[in-house]
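Peer 1: requesting a structural model of the entry that follows:
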Amino acid sequence: MPKVNLEQKLSAFNEHWSPKVVASFNGHDVMVVKVKGEFVWHAHPDTDDFFLVLKGRLTIQLRDGDVHLGPGELYVVPKGVEHRPMAEEEAHLLLIEPFGTPNTGDDATAATKVAV
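Peer 2: Numbers count the residues shown, from 1 in each chain. Sure thing, here's the model as predicted:
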């Protein structure tokens with residue numbers, strides 16, 4: 001497998017909240033995503049939710065308080081915990097989750113994941 005340049009992958013698209021698969025390992029998707037504004041409140045009943053900020057700032061709202069992240073910082077939302085990511089300005093993230101995990105926690109409302 002060739003190396004992956006995350007900046008190059010992120011420059012290939014403009015839409016927000018639409019994860020792009022850049023690699024896979026051990027049954028997991030490695031994705032990049034651009035975010036801006038608020039996402040929906042959601043939870044993942046069967047898996048944790050991994051967020052690593054590459055550029056910008058991200059707030060992960062939790063029912064009992066917010067987590068603020070900057071470049072190089074990561075946070076793992078435990079499975080079953082309701083949360084809502086948000087970014088006042090555009091931020092770039094690296095996400096890792098088991099293959100087929102819907103980004104909203106619900107197949108009916110999830111964004112379709114595509115490779116970039």
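
Peer 1: just the helices in the chain please.
Peer 2: 6-10 (DSSP state H).

Peer 1: residue nearest the centroid of it?
Peer 2: Closest to where the C-alpha atoms of the chain average out (C-alpha atoms, centre = their mean) is L95, at 4.3 Å.

Peer 1: max-length strand in the protein?
Peer 2: Taking DSSP state E as the criterion, the chain has its longest strand at strand 83-98.

Peer 1: show me the contacts for E15.
Peer 2: E15 is in contact with K34, counting by C-beta atoms under 8 Å, 6 or more residues apart in numbering. Yep, even glycine has a C-beta here, placed from its N, CA and C like the rest.

Peer 1: just the pLDDT for it.
Peer 2: E15 is assigned 95 on the pLDDT scale.

Peer 1: and if you look at the one 4 residues further on?
Peer 2: Per-residue confidence at P19 stands at 94 (pLDDT).

Peer 1: was I right about it contacting V35?
Peer 2: No. When contacts are counted by C-beta atoms under 8 Å, P19 is not listed as touching V35 (9.7 Å).

Peer 1: my guess is V81 meets I60, correct?
Peer 2: No. Here V81 does not reach I60: they are 9.8 Å apart, not a contact under C-beta under 8 Å.

Peer 1: between those two, tell me which one has more neighbours.
Peer 2: I60 (20 against 15; other C-beta atoms under 10 Å).

Peer 1: please name the nearest non-neighbouring residue to that one.
Peer 2: Spatial nearest neighbour of I60, excluding adjacent residues (C-beta to C-beta, 6 or more residues apart in numbering): V67 at 4.4 Å.
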